[in-house]
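Structure of the sequence below:
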Amino acid sequence: MKVKLNEKISTVRKCCLFAVLILLIWRIDVLLLGSFQFPPSKKPTPFEHEILVGTYYYTWYGGFLHWWEGYTNAPKLGRYSSWDSSTAEWHIKWAVDNGIDFFAVSWLGPGSWEENALKHGLLQAGDLNYMRFCIFYESVLRMQNPPYTTTFISDVKYLANEYFNHPRYLKIEGKPVLILYLVNELYLKLGEDAVSTIYQVRRELLDMGFDVYLVADVIGFPMPSSQYDRFLKYFNAVTWYIFNLGSDWSSLLDSVDYTANKWLNYTRSENMSFIPSVYPGFDKTHSKLNTGQPVLVRNVSRFTEFCNIARSYAKESAKVVIVATWNEWHEGTSIEPAEEYGFEYLQVIRTVLGG
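Sure, this is the predicted structure:
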């Protein structure tokens, strides 16, 4: 009995030490960055609009994480910590004031730095009741090591238990939304088990009481009557994160229009939805992880055209648009206010997508 009691005491001590460590990391992280934020003095001001607008949101920023990598443009909030709920309150206010309805939050695994930042930052924000969120499953990063099928099924069930019942979790058609990054890569990793795995995930979630709204991030064109097509049929909608990596706006927008039409027709034929995505540019030259990708120079008027194309297709389907991204500063796709461009891109979103 004495041994068991000592074991229980030891376990309690470890849990307490872990909780203290998490608190210290948060406080030290904010102090190291020198970016403690005071929350906004005014509440967000939502307004009615026809299109549901989301944006990809990253919680990986902190004292020793990610800012070191190098980044394009300078955030108005400085080098902030994703663990700071006051920072998240600024993000919510700016987003809601400009017609953004939800954050699709990048998720890199149970207990990861990013997940703890989500729980201690965004989900503790005082104005969270103005914003919705869903999980953006980073399938490429999660599928680093086998067994891939076991990891994927376990992850999705974990997400369902942890988040799907949260009062601010995004639902479409009454179903909790889960976006899977680069399903082409996920399909290849799952191999011969891809179709049976996605079927099993749906079945197990239904047993848990969740009829999930699965969104596939795709690249390329539809592949009717293929095994990949059978895989996609288990999804409710398709989208794209970054349409393609090119440096010419004119050819990009022409290609967007053409490919969006292909996906709209495909999803209609399969009783699915098409969710277009837009981005303001792409520039990874300041990142230490740059591998020589083309630079798409930011252009407000071209971004406005992009948003108009997306709005026209969104109105023909699910009436949802996703913006890539709120704060992927390393790749220069952020729309979060910056010293260089201020609120220009948020104003386009408010005018075009929120109009």
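
per-residue confidence averaged over the one helix or strand Ile322 maps to?
Assigned by DSSP states H and E, Ile322 belongs to strand 320-323. The pLDDT scores in strand 320-323 average 98.

Check which helices and strands the helix or strand just after that strand sits against.
Using DSSP H and E, the helix or strand that follows strand 320-323 in sequence is helix 344-348. Helices and strands touching helix 344-348, by 3 or more Cβ pairs under 8 Å, 6 or more residues apart in numbering; DSSP states H and E, are helix 85-97, helix 300-314. (Glycine included, C-beta is placed from N, CA and C.)

highest average neighbour count across the ones you listed?
Mean neighbour count (mean count of other Cβ atoms under 10 Å) peaks for helix 85-97 among these, with a mean of 23.

CA atoms only: put that one into CSV for me.
The C-alpha trace of helix 85-97 is given here as CSV (Å, rounded to 0.1, in the frame of the first residue of the first chain):
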residue,chain,number,x,y,z
SER,A,85,-4.1,35.4,-25.6
SER,A,86,-4.0,39.2,-25.9
THR,A,87,-2.2,38.7,-29.3
ALA,A,88,-5.0,36.4,-30.3
GLU,A,89,-7.6,39.1,-29.3
TRP,A,90,-5.9,41.5,-31.7
HIS,A,91,-6.1,38.9,-34.5
ILE,A,92,-9.7,38.2,-33.8
LYS,A,93,-10.6,41.9,-33.8
TRP,A,94,-8.8,42.7,-37.0
ALA,A,95,-10.3,39.6,-38.7
VAL,A,96,-13.9,40.1,-37.6
ASP,A,97,-13.8,43.8,-38.3
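
what's in contact with it?
35-40, 42-46, 55, 57, 77, 80-82, 103, 120-122, 124-128, 130-131, 326-327, 336-337, 343, 346, 350 (Cβ atoms under 8 Å, 6 or more residues apart in numbering).

how about Pro46, what does it touch?
Val96, Tyr130.

Which strand or helix spans it?
Residue-wise, Pro46 maps onto no helix or strand under DSSP H and E.

and it, backbone torsions?
Main-chain torsions, Pro46, degrees, to the nearest 10: phi -70, psi 160.

so where's this protein uncertain?
The chain contains residues with pLDDT under 70 at 1-36.

how about the strands in it?
52-57, 102-107, 132-137, 171-172, 175-180, 213-217, 237-239, 273-275, 277-278, 320-323 (DSSP state E).

what's the offset of the second one from the middle of its chain?
Taking the mean of its C-alpha atoms, strand 102-107 sits 3 Å from the chain's own mean (Cα atoms, centre = their mean, to the nearest Å).

What of the fifth one?
Averaging C-alpha positions (Cα atoms, centre = their mean) puts strand 175-180 11 Å from its chain's average.

Name every strand pairing with that strand and say which way it goes.
Partners of strand 175-180 in the sheet, by DSSP bridges, are strand 132-137 (parallel), strand 171-172 (antiparallel), strand 213-217 (parallel).

next one: the last one
For strand 320-323, the pairing partners within the sheet under DSSP bridges are strand 52-57 (parallel), strand 277-278 (parallel).
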